[in-house]
Every structure is written in structure tokens, then in C-alpha cells.
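[1] My questions are about this predicted structure, shown below with the sequence.
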Protein chains: 2
Amino acid sequence: MSIDHRSGCPINLSLEVFGDRWSLIILRDMIFGGKRHFRELLNGSLERIASNILADRLKRLMELGMLTRADDPTHKQKAIYSLTEMAITLVPILAHLGAWGRVWLPVSEELSIRAELLEKGGPPMWEKFMDELRHEHLGTPSDTPPDATVRATLQAGYEAVVARKAPGTGCDPRA
Amino acid sequence: MSIDHRSGCPINLSLEVFGDRWSLIILRDMIFGGKRHFRELLNGSLERIASNILADRLKRLMELGMLTRADDPTHKQKAIYSLTEMAITLVPILAHLGAWGRVWLPVSEELSIRAELLEKGGPPMWEKFMDELRHEHLGTPSDTPPDATVRATLQAGYEAVVARKAPGTGCDPRA
DNA sequence: CGAAACCGATTGCATTTTGCAATCAGTTGC
DNA sequence: GCAACTGATTGCAAAATGCAATCGGTTTCG
């Protein structure tokens, strides 16, 4: 990478990294959905990414330093993708993006509850979430119990909305 | 517009709006560069957008409700593009995007000074800047003197860096 | 052992988007 | 009257995207 940039403007360079329709979707699913494997990303997202595009973007994001890839010890063919610090620090941007979209675009209620909680939590919650991601993806120590994580909080909020909208079904349509 | 969205996720919908290589560049030039006319946007940006792409994006951003177009009373052919509130509230996202790019990407010093100042100013500065944009583009009242605007502050910072890097030339290469 | 499911991709191909240069018709300033 | 400028438009090649089928290998389960 790092060839022929259009300009040295920070906003332009950021767009050159994830100014397309899929890169941030993949990172969103890894950050908020906890997805780590190719198949999880392929089948898990609502937007139905094609497998060749997913492969291309994973490769590209690795070249850009946003992801790393490691072998899964439990399965000789499985690969585990991890976020780098570079990708983890996108959390505030994703939080703002979600907050903006929630105001101006036709979001669905159950999918925007996470954005709402993350917006209300503000920078302290984002910091806590980034620490959790560092623990998950970079192996840094953490003292947060697994049931008090930000991701669990967001997930609980999501399930509460789903339960309220379709009471009694008890189903959990997360991917 | 507002047809066949990939999903109701706020982040996905935001990407459907400006998840391409040019839309945010145009908005950046309008917000930070004060560009209002087609030719200013065409010739002013460092990234050299093509005229057909610019025309397409302006049309698209109008359809999405991010821009409005008005006739310029001083020139029968001239059009003035204005930001809507929807676009003005992108300021925090652009600030974060600039801050992130400044940390992780090979930005040039003179082009990143604005991002640095905007980051250091924090949300209060962003609010002030959005108020100035509302005054400029929406005609709302404002009590900020023209020489104390956020844009003037950012521009002064930029010129200070340029002057320091090429002392004595006195040139002003802004577009 | 053997079939089925699953693993991360890859291939081929049609469609869409982009990038680039040339050009348009009308307006303005000199 | 003429050159410069206005917001675009057109034609065309190249690249990106979307989609379905498929690949060689691994694991699971009966």
C-alpha cells in the first residue's frame, strides 16, 4: 500500500482507507458483532456481502494494517481475524456515524438501539469498549467481568427491543 | 431515493449516503473551504475530481437532502450550493475522521494542522463552527465577528505552518 | 470407513461505477 | 465581437461490484 495518494489531507486519506461500501461494514461486524471468522462475516451480516468481496476486503484491510490473521488452533483450515489498535480506535467514529444515521436516516428501531446506547454512554463508554476490544484482540489484560462488557450491554438492549416488539416468541434472531 | 436499502442499521445507512470516495470530499471543501460554486469545487480541491463525477455527486447529495441549490443573483448561470442541517451535523464526524487519519495515516503537516486545531478545540469548537455554518448556509442569526470565526482560526493555523516551512515567500497557495 | 457439512477462499461473467478528455450552449467582461 | 467563464453533458475505456458456482482440504458424525 501507501502508494499514489490523492492528497495528504487526513480526511482524504481516511476515505482512501474505508471510503467504500463494505470495509466499515466488516469492521462493524467484528467490533460490535464479535465476528472473527470468514464464514461468520460472510453469513452473519444483514447486508449479504459476496464472498469474493469479503476476501478482497479482508486482504486489503490486512495490508493497510487494520487487521491481522492467525491460524485457529482448533481447526487447521480456520483463520482468526483480529483488530489492530488502528481499527479499535475507529470506535468513536462508528459511534458518531451511528448517532448521525439515527437522526437523519430511516433506521430500524431494533438495529439502532445499540447506536443509541453507545451515544448515551459517550466517550467513557467508548473507552471502556475499546479496552475490551484490546483485551479480546490484542491480549492485553482486563479486569471487566464477562457479563459486564459493553458489548453485552448493547446486546441486552437489542434483545429488549426485539422482545418488546414481538413479545412471547423468545426467539433470538442475532446472526 | 430511499429505495432498497441493504439494511436499517445506522452505520450501513450512513455508508449508503457517503460511503464512496468523493461525497465527503465535496462536503469537506464546502464546510472547511467555504466553496459554494461548481467551479470552485471542481478546480479547488487537491484531489482533482472529474466534472461528471462532481455533477453526479452534487445531484445525489441534493436528492439525499444534504445540499440545496439556488440561483446566484449576480450571474444568471451561477448556482450556489448550500449545506443543509443534515450536512452541517457531519462536523463532529469529520473532526473525528481527521483526528484518526492524523494518527494513523501519512498526512502532510500543512494539511493536518486544521484537523489538529479542530481536535484540540473539541466539541465546543465544533458547536461554534456548526453555528457559523448555519449562519452562512441557512441564514440564521449570528453574533460572531467575521475575523473570529472558526474557519478563520483554522486558516490562520494553516498559513502559519506554510509560512514556517517556506519563510519569506509570503505566498498563499489556498485554492 | 464414508458421506455430509464446513473451511477460507477462487473463478468466470454480466452489470455498474469510475476516471478522463473533449465538448456543450449560454453569460459575462472587456 | 470575442475571449473567458458558467454549470454541466457526452463518449469511451478501465476498474469495481454483484452473483453463482466451485475448489481442495478438514472436520463431524453415524
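    Perfect, I can see it now. Numbers count the residues shown, from 1 in each chain, chains lettered A, B, ... in the order given.
[2] only C-alpha atoms for contact and neighbour calcs from this point on.
    Fine.
[3] Flag every residue of chain A that's near DNA strand C.
    Neighbours of DNA strand C within chain A, by C-alpha under 7 Å from any atom of the strand: A:37-40, A:51-52, A:55-56, A:77-80.
[4] now those: which count as buried?
    A:37-38, A:79 (16 or more other C-alpha atoms under 10 Å in any protein chain shown).
[5] of these, closest to A:P124?
    The closest of those to A:P124 turns out to be A:H37 (C-alpha to C-alpha; 29.0 Å).
[6] related to what we said a few turns ago, just the ones of the buried ones among the residues of chain A next to DNA strand C in helices?
    Applying DSSP state H to those, the entries found in helices are A:F38.
[7] okay if I get the buried ones among the residues of chain A next to DNA strand C as JSON lines plus distance to A:A152?
    Converted to JSON lines, those look like this (distance: C-alpha to C-alpha, whole Å):
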{"residue": "A:H37", "distance to A:A152": "20"}
{"residue": "A:F38", "distance to A:A152": "22"}
{"residue": "A:A79", "distance to A:A152": "24"}
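[8] would you turn the buried ones among the residues of chain A next to DNA strand C into JSON lines with pLDDT?
    Output for those, formatted as JSON lines (pLDDT from 0 to 100):
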{"residue": "A:H37", "pLDDT": "97"}
{"residue": "A:F38", "pLDDT": "97"}
{"residue": "A:A79", "pLDDT": "96"}
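[9] from the buried ones among the residues of chain A next to DNA strand C, which single one is nearest B:L64?
    Proximity of those to B:L64, judged by C-alpha to C-alpha, is greatest for A:F38, which lies at 33.6 Å.
[10] which residues does the spatially closest residue to that closest one that is not a sequence neighbour bridge with?
    Of all residues not flanking A:F38 in the chain, A:A79 sits nearest, at 7.4 Å (C-alpha to C-alpha, 6 or more residues apart in numbering or on different chains). Residues in a beta bridge with A:A79, per DSSP bridges, are A:D71.
[11] mind listing what A:A79 touches?
    A:A79 is in contact with A:37-38, A:69-72, counting by C-alpha atoms under 8 Å, 6 or more residues apart in numbering or on different chains.
[12] pLDDT-wise, what's the bottom of the residues of chain A next to DNA strand C?
    Ranked by pLDDT, the residues of chain A next to DNA strand C bottom out at A:Q77, which has 93.
[13] how about the strands in chain A?
    Here chain A has its strands, by DSSP state E, at A:67-71, A:79-83.
[14] Reformat these into CSV and put distance to B:M86 next to each item.
    Formatted as CSV, the strands of chain A follow (distance: least, C-alpha to C-alpha, whole Å):
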stretch, distance to B:M86
strand A:67-71, 32
strand A:79-83, 31
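[15] List the single closest residue to A:H5 in space, sequence neighbours excluded.
    A:L13 (7.4 Å).
[16] so what's that neighbour up against?
    Going by C-alpha under 8 Å, 6+ apart, A:L13 touches A:5-7, B:101, B:105-107.
[17] Among those residues, the buried ones, what's the PyMOL command?
    Provided next is the PyMOL selection string for whichever of these are buried by 16+ other C-alpha under 10 Å:
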select buried, (chain A and resi 7) or (chain B and resi 101+105+106+107)
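[18] And A:D4, how far from chain B?
    From A:D4 over to chain B the distance is 11 Å, taken as C-alpha to the nearest C-alpha, to the nearest Å.
[19] That residue and B:F38, how far apart?
    As defined by C-alpha to C-alpha, to the nearest Å, A:D4 lies at a distance of 26 Å from B:F38.
[20] A:L117 too?
    Going from A:L117 to B:F38 by C-alpha to C-alpha gives 40 Å.
[21] Can you tell me which of the buried ones among the residues of chain A next to DNA strand C is closest to B:G121?
    For those, the nearest to B:G121 is A:H37 (39.7 Å; C-alpha to C-alpha).
[22] Quick check: that closest one touching A:H75?
    No - using C-alpha atoms under 8 Å, A:H37 is not in contact with A:H75; the gap is 11.5 Å.
[23] Please enumerate the shared neighbours of these two.
    In terms of C-alpha under 8 Å, 6+ apart, A:H37 and A:H75 are not both contacted by any residue.
[24] A:K78 and B:D29, how far apart?
    Computed with C-alpha to C-alpha, the distance linking A:K78 and B:D29 is 45 Å.
[25] Apart from its chain neighbours, what residue comes closest to A:L118?
    A:A95 (6.3 Å).
[26] Can you name the residues that contact A:M30?
    With contact set as C-alpha under 8 Å, 6+ apart, A:M30 has these partners: A:36, A:41, A:83.
[27] Who are the contact partners of the second one?
    With contacts defined as C-alpha under 8 Å, 6+ apart, the neighbours of A:L41 are A:26, A:29-30, A:35, A:54.
[28] From these, pick the one nearest B:Q155.
    For the contacts of A:L41, the residue nearest B:Q155 by C-alpha to C-alpha is A:I26; the value is 36.1 Å.
[29] do you know how far the nearest residue to that closest one once chain neighbours are set aside is from A:Y81?
    Among residues not flanking A:I26 along the chain, A:L41 sits closest, at 6.9 Å (C-alpha to C-alpha, 6+ apart). Distance, A:L41 to A:Y81, by C-alpha to C-alpha: 10 Å.
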